[in-house]
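Asks: Could you look at this predicted model? Sequence included:
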Amino acid sequence: MAAGVGFLHGRPTTLDLENADVELVRKGLWEGTWNPAVKVQVKTTVDLREEDGNLIYDLDVATCDMLRHGNETVRRILAVFRLPKAGEKVRLLKTGEKVRLLKNGTLLAGCGAWTSLE
């Protein structure tokens, strides 16, 4: 998805020490900033809940605290993907697959949301 909209993407050099699974960089000048970047912590669950129009995900305190820092050089977001429960019929991929491992990454069929915790 990121490459399809012109973003560079890759694994952060410090991996999970910074609670970041992937780093996205928009190459070039964008809204007055050269090569803006964001680090993404990715989580999956079958238990994503909705309450009062908000999605609810149980994130551990240490990860939440890391993602809430407002003074980071590179901003962070949390991306949560809801995977289908066993027996749930979801056919977002024509083959009926829910997860597909590809040479360039993993494709998840389900729904997702992202937010900044700053």
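Replies: Thanks, I have the structure now. Numbering: from 1, shown residues only.

Asks: Where does the prediction get shaky in the protein?
Replies: 1-17, 89-99, 105-111 (pLDDT under 70).

Asks: can you give me the strands in it?
Replies: Secondary structure of the chain by DSSP state E: the strands cover 7-10, 22-26, 29-30, 33-34, 37-45, 49-51, 54-56, 75-82, 99-102, 105-108, 111-115.

Asks: Summarise which helices and strands the fifth one is packed against.
Replies: Where contact means 3 or more C-beta pairs under 8 Å, 6 or more residues apart in numbering; DSSP states H and E, strand 37-45 is packed against strand 22-26, strand 75-82. All C-beta atoms are positioned from the backbone trio N, CA, C, and that covers glycine.

Asks: Could you tell me which strands that strand is paired with, and in which direction each runs?
Replies: Note on strand 37-45: by DSSP bridges, its sheet partners are strand 22-26 (antiparallel), strand 75-82 (parallel).

Asks: Next: the third one.
Replies: Within its sheet, strand 29-30 is paired with strand 33-34 (antiparallel), according to DSSP bridges.

Asks: Now render the helices and strands packed on strand 37-45 as CSV, adding mean neighbour count and distance to Gly53.
Replies: As requested, these are arranged in CSV below (neighbours: other C-beta atoms under 10 Å; distance: least, C-beta to C-beta, whole Å):
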stretch, mean neighbour count, distance to Gly53
strand 22-26, 18, 27
strand 75-82, 18, 16
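
Asks: Alright, calling it a day.
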